[in-house]
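1. Sequence and predicted model, in that order:
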Amino acid sequence: MKALSRISAADWRVPLLAAVFAIFAVIFFLVAPDLYRNGQRADPMPIRVLTAAIALCAVPIFVASCFSSRVSVFEDGVVLEWLWWPRFVPYADIVAIEEYGQVVRGLKLSLRDGTHVLIGKHEYDERHRVWDAIKTASEAARASESAPVELGRAGRTTREWIANLRAVADGTAATPRSAGIDLERLRRLIASPGARASDRAAAAVALAADPEAKAHIRVVADDVHDTRLRVALTAAADEDPTALEEALEKLEE
């Protein structure tokens, strides 16, 4: 999937502060033998051990902060990348975005589970460029198709849920209100970037028996950045029961 926006979130102030901190620790380490306490020369060994430990702590901070982090904005969420560790945050999980900090500033994404994701970006223009990109994409995503209640898990086991989803699509579900479900609405839901991943996967399971819908599911899966959702959509299209159960359970974690 092509990113709508890709922005570097590196801040040169962090490695600079770490370097200055390490330099002062090294200087203090060198002058430790000349320090006096109550008119007598102090024992330099404890001081040298302490300053060496401080300097060593500053080194990994300096090295790590020299590597630029990157924010990639996609239709279905935000990917935060640093070195080899990407993290995907779907828009459905973001409840608020706000600024944080005084010296080291950035953006804070508040998530549905109560946790936060911090994006460090000191410069005002760059910070608001990230803000605008995420806000625009998330608002577009939230305007997408909502899920019918018939797709809900409702306390079923994963296997029972899969069976009910297939019954919903073919009109044999136990609930009377599922008889008239709009299959075209399910097709739109599968491709809706702002919908919950579990709802999109549920719609794919419901429609997977239709060859045309199966092709549609595969096309959507190729454009999904969320790895867990992509695996679930592919398993639904392949009608692999074991892989599908595992993928749906991971989406619910």
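-> Okay, I see it.
2. Can you give me the domain assignment for the protein?
-> Segmentation of the chain into domains, based on automatic domain parsing, reads 10-66, 70-142, 149-251.
3. per-residue confidence averaged over the second one?
-> Looking back up the chat, that one is domain 70-142. Averaging pLDDT along domain 70-142 yields 79.
4. gap between the two ends of that domain?
-> Length of domain 70-142, first residue to last, Cα to Cα, to the nearest Å: 24 Å.
5. and Ala52, what pLDDT?
-> Confidence for Ala52, expressed as pLDDT, is 66.
6. Same question for the one 10 residues further on.
-> pLDDT for Phe62: 55.
7. Residues contacting stretch 190-201 from elsewhere in the structure, which ones?
-> With contact meaning Cβ atoms under 8 Å, 6 or more residues apart in numbering, stretch 190-201 is reached by 74-77, 90-92, 138, 140-147, 151, 153, 189, 203-204, 207, 216-217, 220, 226, 228-229, 232-233, 236, 247-248, 251-252. C-betas here are computed from N, CA, C, even on glycine.
8. Can you give me the end-to-end span of it?
-> 7 Å.
9. again, but for stretch 187-198
-> 14 Å.
10. Just the buried positions in that stretch, please.
-> Of all the residues in stretch 187-198, those buried under the rule 16 or more other Cβ atoms under 10 Å are Arg187, Leu189, Ile190, Ala191, Ser192, Pro193, Gly194, Ala195, Arg196, Ala197, Ser198.
11. Among these, which one sits closest to Asp113?
-> Here the nearest of those to Asp113, counting by Cβ to Cβ, is Arg196; it sits at 13.0 Å.
12. can you tell me the helix or strand for Thr234?
-> Secondary structure from DSSP states H and E places Thr234 in helix 227-238.
13. Not counting its neighbours along the chain, what's nearest Gly77?
-> Nearest in space to Gly77, with sequence neighbours left out and distances taken as Cβ to Cβ, 6 or more residues apart in numbering, is Pro90 at 4.0 Å.
14. residues in contact with the one you found?
-> Pro90 makes contact with Asp76, Gly77, Arg196, Ala197, Asp226 under the criterion Cβ under 8 Å, 6+ apart.
15. Can you list phi and psi of the first one for me?
-> It stands for Asp76. Dihedral angles of Asp76 (phi, psi; degrees, to the nearest 10) stand at phi -110, psi 0.
16. So what's the residue count around Arg230?
-> Arg230 sits with 19 neighbouring residues when counted by other Cβ atoms under 10 Å.
17. roughly how far apart are the nearest residue to it once chain neighbours are set aside and Gly155?
-> Nearest non-adjacent residue to Arg230, counting by Cβ to Cβ, 6+ apart: Val224, 4.5 Å away. According to Cβ to Cβ, to the nearest Å, Val224 and Gly155 sit 27 Å apart.
18. Show me which of those two is the more surrounded one.
-> Shown here are Val224 and Gly155; by other Cβ under 10 Å, Val224 has more neighbours (25 against 7).
19. roughly how far apart are the more buried one and Asp182?
-> For Val224, the distance to Asp182 - Cβ to Cβ - is 22 Å.
20. what does Ile190 give?
-> 13 Å.
21. cool, Ser146 as well?
-> Per Cβ to Cβ, Ser146 is found 12 Å from Asp182.
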